[in-house]
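Asker: Following is a predicted model, sequence given first.
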Amino acid sequence: MTDSYDAISGSTAAQIAASVRALVERGSLAPGDALPPVRALAESLGINRNTVVAAYKQLAASGLAAGHGRAGTRIASPAPVAQEGFAPPAADARDVGSGNPDPSLIPDPSRALAGAAGRPVLYGSPVVDPELEAWAAEFLGADLPNCDVRITVTGGASDAMDRLFTAMLAPGDRVAIEDPGFLTGIHTLRIGGYPAVPVPLDDEGITVDGLRAALDQGVRAVVCTPRAQNPTGVSLTARRAEQLRAVLADHPYVLIIEDDHFSLLSRRPFASLIGPGHERWALVRSVSKFLGPDMSVALVATDPRTAERLGMRLRPGIAWVSHLLQRLALALLTDPATRAEIDTAAVHYAARNDAFCAALARHGIICGPGDGLSVWVPVPRPAGEVAARLAEAGWIVRSGDEFRVSPDSPISHRLRVTAHDLDDEEQDALARTIAEAGTR
């Protein structure tokens, strides 16, 4: 950038922001480059400094720029988000950081495949298989009393979230999300240009004060995990849900997205932020945790207006999720033998997490098992340091720092550990190593 700042043009905030965006797209401005000081650019363009301030706010809201205090405003360098279900490889190390379900507990779909084939589906057919739609309306609608439920099917929970954001929000709209949060949710917000507003959690779910603060910042959507929150394992209590619904009652057009990813595996009752008078909402239940990530099916219950917008967003893309997958999911979900297998898996995950927490307690680390596939383990030293020491000892875990929504969030003192497939002896060895790594 030259001293005269001739490369940036415009007389309105929108024109200035568009000019900076064009410079980034052409490569004239790169991540980390400083934008001109507000006063200097205003003088160069012959405009009021408040116009430049507004332009920089637009760029920051869209994620293209970021303020750095006395260092001024700079082109943003998008921080990479760790990938869910994947831990960096290490020689001779055991991966207990992936957060994956146990493959041996995923039902074999082969016996249901023949019944899923059936009639061919042509262009113009209903995008949701009618039998799955009827079953899903009952399955999700039972937890949404007094709500007018519409059903959509997407290619998994992450696909649902991305399409809901695109259908209902504009880049720059703020979104409240749990902190620490689900990696894929954080990544979806970041690449979509939706500034994330972190909302803290306690043992009952997102906090009332945290939600109020996010709403005061003008968020247009709230993303919540009602059960088995990833990474903490926290589930929303009925008491907290009632308190949060009371807060949201004054914001009926803020989109609520509930990602109930653990649903049939959860041992906790379902509690919802969605009140009967709320206008914009979506309850998402994928089948990935119990039928396998490769199934790529999520059932989405929404209000009628959101369903309409979501349907419009689906049409120019994949248009519909394969009816073969939809029928297969329905065949498995309604099969008594498969449901029994899912119940067996649920009992297994809960029991193994209980056992791991007991092993940790024997080595001086006290934590509750929560709900889900992993355990959120407290450590006295910064989590990144402990994770590095564990890697040296042959264990790959996920540092809690990877789940921070904002770089400004506090340094984590937690590890996410997926230990459900370890036997008692292996769990005890891991617990002992975590205790040693956290104290030396």
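Answerer: Okay, I see it.
Asker: residue boundaries of the helices in the stretch 151-300 of the chain?
Answerer: For the stretch 151-300 of the chain, the helices defined by DSSP state H, counting those that start in this stretch cover 157-168, 183-192, 208-216, 238-248, 288-291.
Asker: ditto for the stretch 1-150 of the chain
Answerer: Using DSSP H, counting those that start in this stretch, the helices assigned to the stretch 1-150 of the chain run over residues 13-26, 38-45, 49-61, 110-117, 130-141.
Asker: Which of those helices has the highest mean neighbour count?
Answerer: helix 49-61 (a mean of 19; mean count of other CB atoms under 10 Å). To be clear about C-beta, it is placed using only N, CA and C from the backbone, and glycine gets the same treatment.
Asker: What are the contacting residues of stretch 40-59?
Answerer: 4-6, 8-14, 16-17, 20-21, 35-36, 38-39, 65, 67, 73, 172 (CB atoms under 8 Å, 6 or more residues apart in numbering).
Asker: circling back: how about CSV for the helices of the stretch 1-150 of the chain, with mean pLDDT added?
Answerer: Listed next are the helices of the stretch 1-150 of the chain as CSV, based on pLDDT from 0 to 100:
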stretch, mean pLDDT
helix 13-26, 88
helix 38-45, 90
helix 49-61, 85
helix 110-117, 81
helix 130-141, 96
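Asker: mind giving me CSV with those and columns for distance to residue 187?
Answerer: Compiled in CSV, the helices of the stretch 1-150 of the chain are given as follows (distance: least, CB to CB, whole Å):
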stretch, distance to residue 187
helix 13-26, 20
helix 38-45, 31
helix 49-61, 18
helix 110-117, 32
helix 130-141, 25
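Asker: of all those, which lies closest to residue 387?
Answerer: helix 49-61 (31.4 Å; CB to CB).
Asker: Quick one: work out the angle between that closest one and helix 13-26.
Answerer: Here helix 49-61 points in a direction 50 degrees away from that of helix 13-26 (axes from the mean of the first three to the mean of the last three CA atoms, to 10 degrees).
Asker: still on that earlier bit, do you know which of the helices of the stretch 151-300 of the chain lies nearest residue 309?
Answerer: helix 157-168 (4.2 Å).
Asker: What's the separation between the spatially most central residue of the chain and residue 195?
Answerer: Closest residue to the average C-alpha location of the chain: residue 185 at 2.7 Å, with CA atoms, centre = their mean. Distance of residue 185 to residue 195, given as CB to CB, to the nearest Å: 14 Å.
Asker: can you check residue 50 too?
Answerer: Relative to residue 195, residue 50 is positioned 21 Å away (CB to CB).
Asker: one step back: how about the helices of the stretch 151-300 of the chain, which one is nearest residue 96?
Answerer: helix 183-192 (16.4 Å).
Asker: quick revisit: show the contacting residues for the residue nearest to the centre of the chain.
Answerer: Residues in contact with residue 185, defined by CB under 8 Å, 6+ apart, are 158, 161, 177, 223, 259.
Asker: where do the helices sit along the stretch 301-440 of the chain?
Answerer: So, for the stretch 301-440 of the chain - with DSSP H, counting those that start in this stretch - the helices run 304-314, 323-333, 336-362, 383-392, 424-439.
Asker: mean confidence for the fourth one?
Answerer: Yep, that's helix 383-392 we're talking about. Across helix 383-392, the average pLDDT comes to 94.
Asker: What helices and strands are in contact with that helix?
Answerer: Packed against helix 383-392 by the contact rule (3 or more CB pairs under 8 Å, 6 or more residues apart in numbering; DSSP states H and E) you find strand 398-399, strand 414-417, helix 424-439.
Asker: Including distance to residue 112, mean neighbour count and mean pLDDT, could these go into TSV?
Answerer: What follows is those, written out as TSV (distance: least, CB to CB, whole Å; neighbours: other CB atoms under 10 Å; pLDDT from 0 to 100):
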stretch	distance to residue 112	mean neighbour count	mean pLDDT
strand 398-399	34	25	94
strand 414-417	33	26	97
helix 424-439	34	18	94
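Asker: For residue 93, find the nearest of these.
Answerer: helix 424-439 (11.6 Å).
Asker: Could you list the low-pLDDT ranges of this structure?
Answerer: 1-5, 61-63, 68-71, 77-91, 315-318, 440 (pLDDT under 70).
Asker: Domain ranges for it, per the record?
Answerer: 13-75, 94-99+338-439, 114-333 (automatic domain parsing).
Asker: how about those, which one is nearest residue 106?
Answerer: Residue 106 lies closest to domain 114-333 among these, at 4.4 Å (CB to CB).
Asker: From the chain's centre, how far out is the closest one? Work that out for me.
Answerer: 10 Å (CA atoms, centre = their mean, to the nearest Å).
Asker: again, but for stretch 101-116
Answerer: 26 Å.
Asker: Contacts for that stretch next, please.
Answerer: Contacts of stretch 101-116 (CB under 8 Å, 6+ apart): 289-293, 324, 327-328, 330-332, 335, 338, 341-342, 344-345, 348-349, 373, 420-421.
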